[in-house]
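A.B. asks: Mind folding the following:
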Amino acid sequence: MKTLHDLLLLGDPRLYENCEPVLPEELPMVTAWVADLDDVMKQIRLKYNFGRAIAAPQLGIMKRLIYMNIDRPVIFINPELVDLSDELFELWDDCMSFPNLLVKVKRHQSLTIKYLDDQWTPQIWKMEGDLSELLQHEYDHLNGILCTMRAIDEKSFKWRP
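C.D. replies: Numbers count the residues shown, from 1 in each chain. Okay, the predicted model is just below:
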C-alpha cells in the first residue's frame with residue numbers, strides 16, 4: 001500500500017519522464033494501482049484540503065493511467081486528448097507533487113478525452129471548464145510535463161494561502 005510518503009515531489013526526475021501505455025495483460029494490476037492512487041489522494045485531501053485526480057507517475061507508476069474521484073471514481077487508461085478548443089482560460093493550478101505552490105497557467109476551455117475504462121472498454125467524454133483543466137493537468141503528468149513548465153510568466157507562482 002502506497003502512502004503520502006511515496007508521492008513524488010517536485011524535482012524528482014521521474015516526474016519528467018514519458019509514461020508507457022498500460023498493456024492488456026497489465027489490466028489485473030490496474031486495480032491495485034488505482035487503490036494506491038485513491039489512498040494517496042485521500043491523504044492529500046486530509047492534509048491539504050484539495051485533490052480531485054492523480055496521475056500514476058506521481059506515485060512512480062510509469063504508466064498512462066489517471067484516477068479521478070469527484071462524485072464517483074473514474075479510471076482513465078491510455079487516455080488521449082482530442083478536439084482541444086481554441087479558447088483558453090487562465091487559472092491558478094495546484095499539484096499534489098508540490099502542494100503548497102500555485103502556478104498560473106492557461107488551459108483549453110474544452111476537450112474530448114478518449115480512453116479505456118477498467119473493463120478495457122473504449123470511452124469518449126467531452127469536458128469543459130474545470131474538468132477540462134483537471135484532465136489537461138493530469139494528462140501532462142503522463143508526458144513528463146508539470147504545470148510549473150506551463151507557467152504564463154516568471155511571476156506566475158505563489159504560495160497557497
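
A.B. asks: At which residues are the helices of this structure located?
C.D. replies: Ranges of helices within the chain are 27-48, 129-142, based on DSSP state H.

A.B. asks: Any idea which of those helices gets closest to residue 152?
C.D. replies: Nearest to residue 152 among the helices of the chain is helix 129-142; the distance by CB to CB comes to 14.0 Å. All C-beta spots, glycine's among them, are computed from the backbone N, C-alpha and C.

A.B. asks: Counting by contacts, list what that closest one packs against.
C.D. replies: With contacts taken as 3 or more CB pairs under 8 Å, 6 or more residues apart in numbering; DSSP states H and E, helix 129-142 sits against strand 53-55, strand 65-69, strand 73-82, strand 88-93, strand 101-108, strand 110-116.

A.B. asks: Now distance to residue 12 and mean pLDDT too, for these, in JSON lines please.
C.D. replies: Converted to JSON lines, the helices and strands packed on helix 129-142 look like this (distance: least, CB to CB, whole Å; pLDDT from 0 to 100):
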{"stretch": "strand 53-55", "distance to residue 12": "13", "mean pLDDT": "98"}
{"stretch": "strand 65-69", "distance to residue 12": "18", "mean pLDDT": "98"}
{"stretch": "strand 73-82", "distance to residue 12": "22", "mean pLDDT": "98"}
{"stretch": "strand 88-93", "distance to residue 12": "18", "mean pLDDT": "97"}
{"stretch": "strand 101-108", "distance to residue 12": "15", "mean pLDDT": "98"}
{"stretch": "strand 110-116", "distance to residue 12": "26", "mean pLDDT": "98"}
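
A.B. asks: on that earlier part again, including distance to residue 112 and mean neighbour count, could the helices of the chain go into CSV?
C.D. replies: As requested, the helices of the chain are exported to CSV (distance: least, CB to CB, whole Å; neighbours: other CB atoms under 10 Å):
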stretch, distance to residue 112, mean neighbour count
helix 27-48, 22, 16
helix 129-142, 9, 20
